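# Mind folding the following:
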Amino acid sequence: MNRIRAIHGPNILIEAGPNILEQLLRDRLIDRLYLTRTSRESQDAASPYFDLSLLGVGSDLELVDTMMGLEDVFEIYQRRGIRNYS
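This next block holds a predicted model:
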């Protein structure tokens, strides 16, 4: 990540599925997370899912904003200690 930051700057946008996202969270490489949760369930039993417990008690990230849709919830999490997320 240090090499990537040196080349591309401090703000790096990563769009990832559950598996990569979980690893980045475990490695504490995410400062800000924009997460869309839906009430719709996949009919494919092999579909990956995101382990929401990674954002629970003891997480480095805290929920700073929530927007509700008809079927979706859009949440913004931010690393504790960062002053503003705009």
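# The longest helix along the chain - what's its average pLDDT?
If you go by DSSP state H, the chain has its longest helix at helix 18-26. For helix 18-26, mean pLDDT rounds to 88.
# How much space separates P10 from R26?
21 Å (Cβ to Cβ, to the nearest Å). For the C-beta atoms, the positions are set from N, CA and C on the backbone; glycine is no exception.
# Between those two, which has more neighbouring residues?
R26 (11 against 7; other Cβ atoms under 10 Å).
# Identify the nearest residue to that one in space, disregarding sequence-adjacent positions?
L54 (7.3 Å; Cβ to Cβ, 6 or more residues apart in numbering).
# before we move on, what about L24?
Closest to L24 by Cβ to Cβ, 6+ apart is I30, at 5.2 Å.
# Also R40?
For R40, the spatially nearest residue (Cβ to Cβ, 6+ apart) is E71, at 6.1 Å.
# Just confirm the one you found contacts T38, I think it does.
Yes. Contact criterion Cβ atoms under 8 Å: E71 and T38 qualify, at 5.7 Å.
# does the residue nearest to L24 count as helix, strand or coil?
At I30 the chain is in coil, as set by DSSP: H, G, I helix; E, B strand; the rest coil.
# Which residues are in contact with it?
By Cβ atoms under 8 Å, 6 or more residues apart in numbering, the contact set of I30 is 14, 21, 24, 61, 79.
# Now the buried members of the residues you listed.
21, 24, 61 (16 or more other Cβ atoms under 10 Å).
# ok, of those residues, which one's closest to F50?
L21 (6.3 Å; Cβ to Cβ).
# For G17, which residues are in contact?
So G17 contacts P48 (Cβ under 8 Å, 6+ apart).
# I'd like the distance between it and S53.
17 Å.
# S42 too?
For S42, the distance to S53 - Cβ to Cβ - is 19 Å.
# Point me to the helix or strand that includes L33.
strand 32-38 (DSSP states H and E).
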